[in-house]
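Undergrad: from the sequence below, what's the structure:
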Amino acid sequence: MSGHEAVNPIHPSMVGKMDPAFVKLYDEHVANTPNRPIDLPVLRKNYSKIYSYGTAPAPETSNISDITFPSFDGADVRLRIYRPEGVADDVVLPVHIDFHGGGWGLGDLDTESHVLKHYVDLAQICVIDVDYRLVPDFAYPTGLKDCFEATKYVYENAEKLHINKHSISVGGVSAGGNICLAVSHLARDVGISLVLCVAGTPQVDDIEPYKTAADSPYPSCQECEFAPTLNWARLKWFDKLKWDSLSSDAAERAQQFEEIGWFKSIITAPDFTNLPKTVIYTAGCDPMRDEGEAYATKMIKNGNDVVFKRYPGVPHPFMHMDATLWQASDYIKRTAFDLAVAHRTVKVFFE
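TA: Numbering: from 1, shown residues only. Reported below is the predicted structural model:
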């Protein structure tokens with residue numbers, strides 16, 4: 001597929017909308033990159049370094065370990081556990097469970113490690129990152145189900161993991177934002193009380209029915225159709241990757257869609273009541289901006305405690321560019337503060 005990336009350097013439709021600091025960063029590092037068809041294996045190999053040109057150093061963290069747990073189908077799924085420096089392994093800590101971004105088909109345990117190290121350092125909590133399975137290798141929603149199973153595993157094995165089962169939060173960016181919002185519903189339904197859900201630039205809507213950006217009910221899809229780093233063409237490429245993971249047999253595929261249900265578009269979830277406090281952050285120059293804010297609005301209308309904030313002038317993956325963008329630094333510090341407040345470790349910010 002060609003035309004997946006806007007490298008012009010900034011598409012004329014976006015001129016004047018982007019923060020000059022981002023434009024300079026993009027022009028220096030990305031704008032002159034040749035526009036080639038997407039090669040999934042190559043993109044996967046390089047994905048966790050794709051925004052390294054804008055990423056600031058993270059706090060040194062040596063207290064990191066990997067374990068596996070059996071997911072819903074018995075497959076081993078890897079978890080990466082971060083604990084604060086200088087805190088003994090047997091000290092019981094609150095825990096934040098992270099689901100990385102990557103459009104369901106990209107990403108791994110390195111994708112958001114620099115952000116997670118900040119959360120561990122600033123909020124003084126344990127963070128567990130989930131290496132969920134990706135499409136199209138595994139049929140959607142295998143990855144989402146892995147993440148819910150990981151949440152249950154952490155809750156049920158809290159004593160062994162030295163975490164406080166009554167102080168669990170979930171979060172993620174992009175597809176990971178979708179996952180954490182869905183997991184909030186699923187956790188509530190099985191009696192796991194989460195203290196917070198933090199979704200950064202979440203994917204919410206199902207765009208499969210829309211042939212063009214003009215068909216979307218969300219104005220941000222038209223306004224940001226040619227946005228840098230994530231545009232409409234790339235969204236459709238990721239969406240096709242997701243649905244191509246299903247069976248080619250018509251009857252089996254129909255059954256899969258029936259089982260997927262509201263996961264296809266999480267704003268259609270059947271029950272929006274009694275969800276955990278939720279923070280949703282959107283980006284001003286992101287095609288998915290308005291759907292994230294529509295989800296937040298629906299939560300508020302159903303009586304939930306919700307905070308949402310739009311960062312102006314930045315694209316979808318802005319939080320990876322904290323070396324240059326104030327919006328990214330603010331997102332990381334603000335999210336760490338949200339976590340510290342929810343987990344009652346906020347005093348560390350003032351010591």
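
Undergrad: can you map out the strands along the stretch 251-351 of the chain?
TA: With DSSP state E, counting those that start in this stretch, the ranges of strands along the stretch 251-351 of the chain come out as 278-283, 306-311.

Undergrad: which of these is buried the deepest?
TA: Mean neighbour counts were compared across the strands of the stretch 251-351 of the chain using mean count of other CB atoms under 10 Å; the top stretch is strand 278-283, at a mean of 25. No exception for glycine: its C-beta is placed from N, CA and C like everyone else's.

Undergrad: give the contact list for residue 264.
TA: 206, 208, 257 (CB atoms under 8 Å, 6 or more residues apart in numbering).

Undergrad: what about residue 223, how many residues nearby?
TA: Applying other CB atoms under 10 Å, we find 19 residues neighbouring residue 223.

Undergrad: quick one: contacts for it?
TA: Taking CB under 8 Å, 6+ apart as the test, what residue 223 contacts is 13, 287.

Undergrad: as JSON lines, the strands of the stretch 251-351 of the chain with distance to residue 80 and mean pLDDT would be great.
TA: Formatted as JSON lines, these follow (distance: least, CB to CB, whole Å; pLDDT from 0 to 100):
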{"stretch": "strand 278-283", "distance to residue 80": "23", "mean pLDDT": "98"}
{"stretch": "strand 306-311", "distance to residue 80": "27", "mean pLDDT": "97"}
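
Undergrad: residues in contact with stretch 172-182?
TA: 98-104, 107, 112, 132, 143-144, 147-148, 170-171, 197-204, 263, 266, 269, 278, 280, 288, 292, 295, 316-317, 319.

Undergrad: so what's residue 325 up against?
TA: Residue 325 neighbours (CB under 8 Å, 6+ apart): 19, 21-22, 25, 54, 314, 318.

Undergrad: thinking again about what came up before, make a markdown table out of the strands of the stretch 251-351 of the chain and add distance to residue 160.
TA: As requested, the strands of the stretch 251-351 of the chain are exported to a markdown table (distance: least, CB to CB, whole Å):
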| stretch | distance to residue 160 |
| --- | --- |
| strand 278-283 | 28 |
| strand 306-311 | 33 |
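
Undergrad: per-residue confidence at the nearest residue to residue 138 once chain neighbours are set aside?
TA: The shortest distance from residue 138 to any non-neighbouring residue, by CB to CB, 6 or more residues apart in numbering, is to residue 245 (6.8 Å). Note on residue 245: pLDDT of 98.

Undergrad: would you confirm that residue 245 contacts residue 140?
TA: Yes. Counting by CB atoms under 8 Å, residue 245 does reach residue 140; the two are 5.1 Å apart.

Undergrad: mind checking which of the two has more residues around it?
TA: residue 140 (23 against 20).

Undergrad: distance check, that one against residue 146.
TA: 11 Å (CB to CB, to the nearest Å).

Undergrad: could you do residue 269 as well?
TA: Applying CB to CB to residue 269 and residue 146 gives a distance of 19 Å.

Undergrad: looking at these two, which has the bigger crowd around it?
TA: The residue with more neighbours, out of residue 269 and residue 146, is residue 146; 24 against 18, by other CB under 10 Å.

Undergrad: which regions of the stretch 1-150 of the chain lie under the pLDDT threshold?
TA: Applying pLDDT under 70 to the stretch 1-150 of the chain flags residues 1-8.

Undergrad: just the helices in it please.
TA: For the stretch 1-150 of the chain, the helices defined by DSSP state H, counting those that start in this stretch cover 20-29, 40-46, 113-123, 142-156.

Undergrad: pipe those helices into CSV and attach distance to residue 176 per row.
TA: Below are the helices of the stretch 1-150 of the chain laid out as CSV (distance: least, CB to CB, whole Å):
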stretch, distance to residue 176
helix 20-29, 22
helix 40-46, 16
helix 113-123, 11
helix 142-156, 8
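
Undergrad: out of those, which is closest to residue 235?
TA: Among those, helix 40-46 comes nearest to residue 235, with 14.9 Å by CB to CB.

Undergrad: picking that back up, pretty sure the residue nearest to residue 138 belongs to a helix, no?
TA: No. Read with DSSP: H, G, I helix; E, B strand; the rest coil, residue 245 is coil and lies in no helix.

Undergrad: for it, give me its contacts.
TA: For residue 245, the contacting residues are 135-140, by CB under 8 Å, 6+ apart.

Undergrad: related to what we said a few turns ago, ok, of the contacts of residue 264, which one's closest to residue 328?
TA: residue 206 (28.2 Å).

Undergrad: what's the closest non-adjacent residue to the closest one?
TA: Of all residues not flanking residue 206 in the chain, residue 265 sits nearest, at 3.9 Å (CB to CB, 6+ apart).

Undergrad: can you pick out the most distant pair from the contacts of residue 325?
TA: 19 and 54 (12.0 Å).
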